[in-house]
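Trainee: Based on what follows, work out the 3D shape:
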Amino acid sequence: MATLSAGDMKTGEDDRPTRVVERIIPDAFELHRSDRNEAKRLLIVFSAANAKSFTFYRNTIRMRPDILYVREPAGNQWYQHGLRESETLPDMCKEIAEISGRYEEVYTLGSSMGGYAALYVGAVLKAKSVLAIAPQIIVDPRFSRGPTRKTNILTKNIAPFLKSSKSRFNIAYGNFDVIDVYNMDALHKHVEGMSNFRIIEYDSLDHMFPKEIDIDCTLEKFFRGLLFRDEIATNGLPYSIGLSVSKERIEIVNRYVNYTLKSDFRGCFDYLSSVLDGHSDWAPAKFMTVEMGQKIGLEASELVDWAIEIADRHPRIIDYNYAAAELLAQIGKPKTAQNYLDRTFKVRSNYARGKRLWRELNKK
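Mentor: Residues are numbered from 1 along each chain as shown. Have a look, this model is predicted:
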């Protein structure tokens, strides 16, 4: 156990509470107790996949509640195997419940894999409020954003389980990420019309939209508002309440997912080509078509213009910029390709595919 005072942290944070840290599992399961809380409120923050440190630490450490930071040591098993060897998700929930039982109110928070955990554990604990950012509702190893194939998945679809909970759920996502749209549709089918569920849809943003929220109003303010005041603190980012993506476009997303899960890339490309004319203004449709065109081996010259168009229209979407960079590299324009990679790194500095391409370009 160690005591962290404001002076132990970065300067300029004088309003931070003094913390006593119980490292139950160092760097994986740590309770940070506040001298200002008196065991009234506990915030549980779940880390995202492959996190090297606690996700959202700097965005939450100033808050008054006691904070339990949870990070999966394996990195990407969606908490299905718990936190220790030979444990499971229920084991983790039981250990968290032993701590949360000391408090009057419990709140959960997480993004992506952490958002999935925030939803599931929040429902188990009957949390007062849950904030899940771009969470997975469907957990499937076949997704690029999913657990390893060796993971024993206990909860493949958590929507039916969540429906029975009385907790207050806020789920925020960006509607330009097609996998997130797929997950929100899976949730919406079960909880539509339920007053304790609120889906907050950010327009023309992707899975990295928390970066945009941090620029817009700071994540700390966003978290405080939704968790403790039931307020959306966003300033300038356009959002709507509910799933506003049209049923027709959701059908396109669902068929795209079903094709790709079966690795039927030719079938997916042919289908997307047949519906693209009716959705030519919808950037995700062009991106999916470019992606499938690459999968079936079309020439880069046939796809690069579309990739550049959507990347230039949406310069903060990292997958759009990476696709443009990759295709530009293939047609012999490495300097222009690097410009598009620069955009991805401004949003996500550790973007692995982008780093690999950058190294390849700099070898030539």
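Trainee: what's the pLDDT at the residue most central in space within the chain?
Mentor: Most central in the chain under C-alpha atoms, centre = their mean is residue 112, positioned 2.8 Å from the mean C-alpha point. pLDDT for residue 112: 97.
Trainee: do residue 17 as well
Mentor: Residue 17 is given a pLDDT of 82.
Trainee: Checking it next. Helix, strand or coil?
Mentor: Put simply, residue 17 is coil when judged by DSSP: H, G, I helix; E, B strand; the rest coil.
Trainee: Setting the sequence-adjacent residues aside, check what's closest to it.
Mentor: residue 34 (4.0 Å; C-beta to C-beta, 6 or more residues apart in numbering). To be clear about C-beta, it is placed using only N, CA and C from the backbone, and glycine gets the same treatment.
Trainee: Next one: the one you found from residue 227, what distance?
Mentor: 15 Å (C-beta to C-beta, to the nearest Å).
Trainee: do the same with residue 276
Mentor: From residue 276 to residue 227 the distance is 41 Å (C-beta to C-beta).
Trainee: the more surrounded of the two?
Mentor: A direct count of neighbours by other C-beta atoms under 10 Å for residue 276 and residue 227 places residue 227 higher, at 24 against 16.
Trainee: State whether the more buried one is indeed within a strand.
Mentor: No - with three-state DSSP as the criterion, residue 227 is assigned helix and is not in a strand.
Trainee: pretty sure residue 76 is in contact with residue 48, am I right?
Mentor: No - using C-beta atoms under 8 Å, residue 76 is not in contact with residue 48, being 9.4 Å away.
Trainee: Identify the contacts common to the two.
Mentor: residue 113 (C-beta atoms under 8 Å, 6 or more residues apart in numbering).
Trainee: So for the two, which residue has more residues nearby?
Mentor: residue 48 (22 against 16).
Trainee: so what's that one up against?
Mentor: Neighbours of residue 48 in contact, by C-beta under 8 Å, 6+ apart: 55, 110-115.
Trainee: pLDDT at residue 3, what is it?
Mentor: pLDDT, read off for residue 3, is 34.
Trainee: excluding its backbone neighbours, what's nearest residue 79?
Mentor: Looking at residue 79 with C-beta to C-beta, 6+ apart, the closest residue is residue 117, at 4.9 Å.
Trainee: Give me the distance between the strand or helix carrying the one you found and the centre of its chain.
Mentor: Under the criterion of DSSP states H and E, residue 117 resides in helix 113-125. Its chain's C-alpha centre and that of helix 113-125 lie 13 Å apart, by C-alpha atoms, centre = their mean, to the nearest Å.
Trainee: for it, packing partners?
Mentor: Secondary-structure packing of helix 113-125 (3 or more C-beta pairs under 8 Å, 6 or more residues apart in numbering; DSSP states H and E): strand 41-46, helix 89-100, strand 105-111, strand 129-133, helix 159-163, strand 168-174.
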